[in-house]
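Student: sequence? don't have it. structure:
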Ligand code: C5P
């Protein structure tokens, strides 16, 4: 069996950290699919184009490079907001679909919003990771301050709520748990506890296959 672990969930829920740890634990390649949308959001903004125009976003999908995807500039709050705006367009999502499926085909940990529902609906192991917005904002604020960004907690919380709403209410591939996803609420879990819980869930799934 090709082990595909689909990790979907809200922003700053801890899913990225968890996904990387799971990739190391199960010795699988890891793809942070949010970076693809962030890269497009960044390129559209940099080019002075319109994040609300589907064609502008789709055109930029071809311009993603490994160098850009590794650039810390993509971590900024503004890029994240631009990413969630370009991510509503079916043309943008379509332009990234084959790349993601191809990456996953021999087994992978895929971190995103629509992995379990759209990109890899047959993934044997699906987790939906979430935490209370205030806790997510607290974590994200600390992270941004660590990068040297001058941003208030209230701004982070407001951006996070705005982004959740856009991600959950878009027509194409909205953020929601797949029917067969296991829910993991990390509000009161340490990174270690979240990892151990996830491994228990995945090992139990593997034992039935
Ligand atoms: O995961 P990350 O916060 O980097 O994602 C940035 C934005 O990209 C999300 O808010 C979401 O709008 C979009 N995204 C998406 N589908 C994915 C990954 C990210 O729509 N699989």
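Tutor: Arrived safely, thanks for sending. Here the structure is a predicted model, which is why all the values come from computation and not from measurement.
Student: What parts of this protein come near the ligand?
Tutor: 11, 33-34, 37-38, 80, 83-84, 87, 112-114, 163, 167 (Cβ under 6 Å from any ligand atom). For every residue, glycine as well, the C-beta is placed using N, CA and C.
Student: From those, pick the one nearest residue 202.
Tutor: Distance to residue 202, by Cβ to Cβ, is smallest for residue 112 among the residues of the chain next to the ligand, at 17.1 Å.
Student: So that closest one sits against residue 7, correct?
Tutor: Yes: contact status for residue 112 versus residue 7: in contact at 7.5 Å, counting by Cβ atoms under 8 Å.
Student: between the two, which one's more packed in?
Tutor: residue 7 (31 against 28; other Cβ atoms under 10 Å).
Student: Please tell me how far that one sits from the ligand.
Tutor: Plainly put, residue 7 is 10 Å away from the ligand if you go by Cβ to the nearest ligand atom, to the nearest Å.
Student: Now do the contacts for the residue positioned nearest the centre of the chain.
Tutor: Relative to the mean C-alpha position of the chain, the nearest C-alpha, by Cα atoms, centre = their mean, is the one of residue 112, at 3.1 Å. Taking Cβ atoms under 8 Å, 6 or more residues apart in numbering, we find residue 112 in contact with 6-8, 32-34, 100, 119.
Student: Next: residue 35.
Tutor: Residue 35 neighbours (Cβ under 8 Å, 6+ apart): 69, 74.
Student: Of the contacts of residue 112, which belong to strands?
Tutor: Using DSSP state E, the subset of those located in strands is 6-8, 32.
Student: what's the closest residue to residue 62 other than its chain neighbours in contact with, if anything?
Tutor: Nearest non-adjacent residue to residue 62, counting by Cβ to Cβ, 6 or more residues apart in numbering: residue 95, 7.7 Å away. Listed by Cβ under 8 Å, 6+ apart, the contact set of residue 95 reads 57-58, 61-62.
Student: tell me what the strand or helix carrying residue 141 is packed against?
Tutor: For residue 141, the host element (DSSP states H and E) is helix 133-146. Packing contacts for helix 133-146, counted by 3 or more Cβ pairs under 8 Å, 6 or more residues apart in numbering; DSSP states H and E, involve helix 153-169.
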